[in-house]
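Asker: Following is a predicted model, sequence given first.
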Amino acid sequence: MAANAQNYTARPPPPSPPPASTWTPANVSDPAIQQVAQFAVRIYALSTRELKMSLQTVVSAETQPYDGGYNYRLVVTVTGGKKVQYNAFVWGILGTMSWKLLYFTPTY
């Protein structure tokens, strides 16, 4: 009994994963960026009991798609805090209550 030879075509290798998302500069005047900055300052102020701290300006902002939302990397200036300028890193989904302040550290 002869074996049936079947033609199998080689499948191409799976595509490479997409490159990691890069950071994109954002407009510091954008209302969404202002809202993210306000969130970062308020959460930090509440957690450190620096209740007089408030956002003065957003110096720079970058966004990066991540995990169904966005990472936000901000440099902000504040009034009423121990320092004047801070680096903030926030993850969130606009239009939801899903937000996390990942760090808020003074610039040196």
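Answerer: Nice, I can see it. The model shown is predicted, which means the values in this text are computed figures rather than measured ones. Numbering: from 1, shown residues only.
Asker: in the protein, which spans are helices?
Answerer: Assigned by DSSP state H, the helices in the chain fall at 31-48.
Asker: what's the longest strand in it?
Answerer: strand 54-66 (DSSP state E).
Asker: For that strand, buried residues please.
Answerer: For strand 54-66, burial by neighbour count (16 or more other CB atoms under 10 Å) applies to 55, 56, 58, 61, 62, 63. (C-beta placed from N, C-alpha, C; glycine too.)
Asker: Now do that strand, average pLDDT.
Answerer: Here strand 54-66 scores 96 as its mean pLDDT.
Asker: And stretch 99-108, by the same measure?
Answerer: 93.
Asker: which residues does the residue nearest to the spatial centre of the chain contact?
Answerer: The centre of the chain sits closest to residue 71, judged by CA atoms, centre = their mean, with a distance of 1.1 Å. By CB atoms under 8 Å, 6 or more residues apart in numbering, the contact list for residue 71 reads 63, 64, 65, 89, 90, 91.
Asker: hmm, which two among these are most spread apart?
Answerer: 65 and 89 (14.8 Å; CB to CB).
Asker: Can you give me the separation between residue 93 and residue 52?
Answerer: 30 Å (CB to CB, to the nearest Å).
Asker: before we move on, what about residue 24?
Answerer: Distance from residue 24 to residue 52, by CB to CB: 33 Å.
Asker: Next: residue 97.
Answerer: For residue 97, the distance to residue 52 - CB to CB - is 26 Å.
Asker: When the two are compared, which one has more neighbours?
Answerer: Neighbour totals were compared for residue 97 and residue 52, and residue 52 leads with 10 against 6 (other CB atoms under 10 Å).
Asker: Give the buried residues for stretch 72-89.
Answerer: For stretch 72-89, burial by neighbour count (16+ other CB under 10 Å) applies to 72, 73, 74, 75, 76, 77, 78, 81, 86, 87, 88.
Asker: Could you do stretch 34-46 as well?
Answerer: 34, 36, 37, 39, 40, 41, 43, 44, 45.
Asker: Residues contacting that stretch, please?
Answerer: Identification of contacts with stretch 34-46 by CB under 8 Å, 6+ apart yields 28, 50-55, 58, 61, 72, 74, 76, 78, 81, 86, 88, 90, 92, 99, 101, 104.
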